[in-house]
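Q: pasting the sequence and the predicted model now:
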Amino acid sequence: MILQKHIPYDPLVSRPLPGISPLDITDWLLVDDAYAAQMALRRQLLSECRKDVFHSSDVAEEAILELRDFVLDHLPDGFEKSGLHVSCPDGHQVDLAEDPLAGLGMVLQEDLCILQKPDGVPEHVLTAAVLCFPASWMLAEKAGKALIGIHTPVDPYDDNVAKRVQRLFDGIRPDRPLWRYNALFYKDPSLFQPRSETAPRDKSDPAAAGFLRSERQCLVRLPKTNAVVFSIHTYVMDRAQFGV
């Protein structure tokens, strides 16, 4: 069981969808007290079940390379880099030359989803991702889909919200990233929880869920390819710490 002891915001303060706020790019990527444990699990997942946690398409190749270089320019304290080689805070060494997106998944606690809007397509499409900590969804079911398909079967995500979110994606500027968070109560604290959209999670007894799972989600526009990066930093904490 991998739990954090601290979360840098109050996840129980609800905000109406999409709940977006401006983000300082220097605060984009975080290292918290669960870094070593989360990274050991991420590296294991990428090694043992890559097909479940990784997706890439030819159209995303340029964006992946831009994301790699962008991350290298914005690594927080605790990392050391030499060219495309990164020394992580837990002592692990990663070479980002040959398999850059999967490599980023072995460097960062954040999951990384790349969304692009091809010419003539009304919505952004998920073209690549490293997603080790899915919260009750499956990357294989969402890969290649547009935003509204990705959010099936999220109850509040109706056509009205879909249009607002797409306008938001269209309006993101490279120099003005955004962030939001959610709060979900889980009985199982496991970080890797893939679940098909045809078998939704049982939420009938939220009072019996002993863990709070919160995703710090950021939206960053890559300036060259114009791709949008959706990053997810996952926190799981004992519900008792929140007094609820």
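A: Perfect, I can see it now. Numbering: from 1, shown residues only.
Q: report the secondary structure state of Val220.
A: Classification of Val220 using DSSP: H, G, I helix; E, B strand; the rest coil returns strand.
Q: neighbours of it, just the number please.
A: Val220 has 25 neighbouring residues, counting by other CB atoms under 10 Å. All C-beta spots, glycine's among them, are computed from the backbone N, C-alpha and C.
Q: how near is it to Leu65?
A: According to CB to CB, to the nearest Å, Val220 stands 15 Å off from Leu65.
Q: same thing with Asp10?
A: Counting by CB to CB - Asp10 and Leu65 are separated by 37 Å.
Q: which of those two has more neighbours?
A: Leu65 (16 against 10).
Q: now do the contacts for the more buried one.
A: Pro100 (CB atoms under 8 Å, 6 or more residues apart in numbering).
Q: please settle this for me: is it part of a strand?
A: No. In this structure, Leu65 is helix, not part of a strand, as judged by three-state DSSP.
Q: how about the helix or strand where Arg164 lies, which residues are buried there?
A: For Arg164, the element it lies in under DSSP states H and E is helix 159-171. Using 16 or more other CB atoms under 10 Å as the burial criterion, the residues of helix 159-171 that qualify are Val161, Ala162, Val165, Gln166, Phe169.
Q: neighbours around the nearest residue to the last one once chain neighbours are set aside, how many?
A: Distances taken as CB to CB, 6 or more residues apart in numbering put His124 closest to Phe169, at 5.0 Å, once the chain neighbours are dropped. By the criterion of other CB under 10 Å, His124 has 21 neighbours.
Q: and the gap between His124 and Ile114?
A: Distance from His124 to Ile114, by CB to CB: 10 Å.
Q: for this structure, what helix or strand is lowest in average pLDDT?
A: Taking mean pLDDT, DSSP states H and E as the measure, the helix or strand of the chain with the lowest value is helix 147-150, at a mean of 73.
Q: so where is this protein shaky, pLDDT-wise?
A: Along the chain, the parts satisfying pLDDT under 70 run over 17, 148-149, 151-159, 162, 203-204, 243-244.
Q: that one: helices as residue ranges?
A: 35-48, 50-53, 61-73, 100-105, 139-142, 147-150, 159-171 (DSSP state H).
Q: packing partners of the second one?
A: Contact here means 3 or more CB pairs under 8 Å, 6 or more residues apart in numbering; DSSP states H and E; on that basis helix 50-53 packs against helix 35-48, helix 139-142.
Q: please spell out which residues along the last one are buried.
A: When burial is assessed from 16+ other CB under 10 Å, helix 139-142 yields the following buried residues: Leu139, Glu141, Lys142.
Q: ok, now stretch 38-57?
A: Buried positions in stretch 38-57, judged by neighbour count with 16+ other CB under 10 Å: 38-39, 41-43, 45-46, 52-57.
Q: got the contact list for Lys51?
A: Residues near Lys51 by CB under 8 Å, 6+ apart: Ala140.
Q: one more: Leu96?
A: Contact analysis of Leu96 by CB under 8 Å, 6+ apart lists Arg68, Leu72, Leu84, His85, Val86, Gly103, Leu104, Val107.
Q: list phi and psi for it.
A: phi -90, psi 20 (degrees, to the nearest 10).
Q: for the buried residues of helix 139-142, which one is nearest Asp238?
A: Sorting those by distance to Asp238 puts Leu139 at the head of the list, at 27.6 Å, by CB to CB.
Q: the closest one and Leu12, how far apart?
A: Counting by CB to CB, the separation of Leu139 from Leu12 is 28 Å.
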